[in-house]
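Novice: What follows is a predicted structure for the sequence shown.
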Amino acid sequence: MNATNVNTGYGGKVPPLFDHVREYFSLKGMSTDEAEIFYYHYESMDWESENGTPFSNWKTLADDWIWNLLN
């Protein structure tokens, strides 16, 4: 992975920058508002599951979030 991919929202590092989340949601055809809701939801959970396990890749969470919205 190169720096360009990380800067355009392709990096999976947790916690992500909001700009990366916004770009990723945009690439998936989603709104900035939805990206913000997603970001602050997981930010409020400190990017951990309900049992305290840290998430390892925010894109997996985002893909699940988007899938649930569309289905």
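Specialist: Done, it's in.

Novice: any idea which helix or strand carries the residue lying closest to W58 once chain neighbours are set aside?
Specialist: Among residues not flanking W58 along the chain, P16 sits closest, at 4.7 Å (CB to CB, 6 or more residues apart in numbering). (C-beta placed from N, C-alpha, C; glycine too.) P16 is part of no helix or strand when elements are defined by DSSP states H and E.

Novice: From N71, how far off is P16?
Specialist: P16 sits 24 Å away from N71, going by CB to CB, to the nearest Å.

Novice: Look at these two and report which has more neighbours.
Specialist: P16 (24 against 5; other CB atoms under 10 Å).

Novice: looking at it, that one is touching N57, isn't it?
Specialist: No - judged on CB atoms under 8 Å, P16 makes no contact with N57 at a distance of 9.6 Å.

Novice: Can you read off the backbone torsions of E48?
Specialist: Main-chain dihedrals, E48, degrees, to the nearest 10: phi -130, psi 150.

Novice: Look up which residues are beta-bridged to it.
Specialist: P54 (DSSP bridges).

Novice: what's the following helix or strand after the helix or strand bottoming out on mean pLDDT in the chain?
Specialist: In the chain, the helix or strand scored least confidently by mean pLDDT, DSSP states H and E is helix 3-7, which has a mean of 47. Where DSSP H and E defines the elements, the next helix or strand beyond helix 3-7 is helix 18-27.

Novice: Pull out the buried positions in that following helix.
Specialist: 20-25 (16 or more other CB atoms under 10 Å).

Novice: Same check on stretch 40-50?
Specialist: Those would be Y42, for stretch 40-50 by 16+ other CB under 10 Å.

Novice: I66: which of the buried residues of helix 18-27 is nearest?
Specialist: F25 (7.4 Å; CB to CB).

Novice: measure that closest one to D19 for me?
Specialist: F25 is 11 Å from D19, by CB to CB.

Novice: same thing with G52?
Specialist: 27 Å.
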